[in-house]
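Peer 1: After the sequence you'll find the predicted model.
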Amino acid sequence: QVHLVESGGGLAQSGGSLRLSCAASGFSLDYYAIAWFRQAPGKEREIVSCINSADATYYVDSVKGRFAISRANAENTVYLQMNSLKPEDTAVYFCAAGPRSSWREKTYAYWGQGTQVTVSS
């Protein structure tokens, strides 16, 4: 069975850091693009970052310079290091796997259940 499981969410203060993990089981992440999306209360889900199988990365403007996506193929895991957190980063964060990097949700076939990130001011 294919699963993506996010972890690492929680409560952080403004200016703090969290590292999210996206662990895959049932398939290898080596050949997939992995994206992080987030959904804040009352807002649509938006892409945050993605990394393709060649390790090319993309970031939404609001997180550039603060977040870093990386993959550890040996661990079958993708990470999202989040630094200089702001209250507006508060959201449920989802990881997703698909055949190529894209900002379109429909590109991604596999999704995790999400992990809550709350940033206090």
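Peer 2: Arrived safely, thanks for sending. Since the model is a prediction, treat every value here as computed from it, not as a measurement.
Peer 1: Against Y79, how distant is the nearest residue to G114 once chain neighbours are set aside?
Peer 2: When the adjacent residues along the chain are set aside, G114 lies closest to V92, with 4.3 Å between them (CB to CB, 6 or more residues apart in numbering). Every C-beta, even on glycine, is put in place using the N, C-alpha and C of the backbone. Taking CB to CB, to the nearest Å as the measure, V92 falls 17 Å from Y79.
Peer 1: hang on, the earlier thing: what about the residue nearest to G114, which helix or strand?
Peer 2: In this structure, V92 is located in strand 91-98 according to DSSP states H and E.
Peer 1: And the helix or strand just after that strand, what does it pack against?
Peer 2: Using DSSP H and E, the helix or strand that follows strand 91-98 towards the C-terminus is strand 110-111. Judged by 3 or more CB pairs under 8 Å, 6 or more residues apart in numbering; DSSP states H and E, strand 110-111 is in contact with strand 91-98.
Peer 1: Quick one: residues contacting the closest residue in space to S25 that isn't next to it in sequence.
Peer 2: Once its chain neighbours are removed from consideration, S25 has its nearest residue in H3; the separation is 4.7 Å (CB to CB, 6+ apart). With contacts defined as CB atoms under 8 Å, 6 or more residues apart in numbering, the neighbours of H3 are A24, S25, G26, G112.
Peer 1: Relative to A35, which of these is nearest.
Peer 2: Sorting the contacts of H3 by how near they are to A35, with CB to CB, puts G112 at the top with 10.8 Å.
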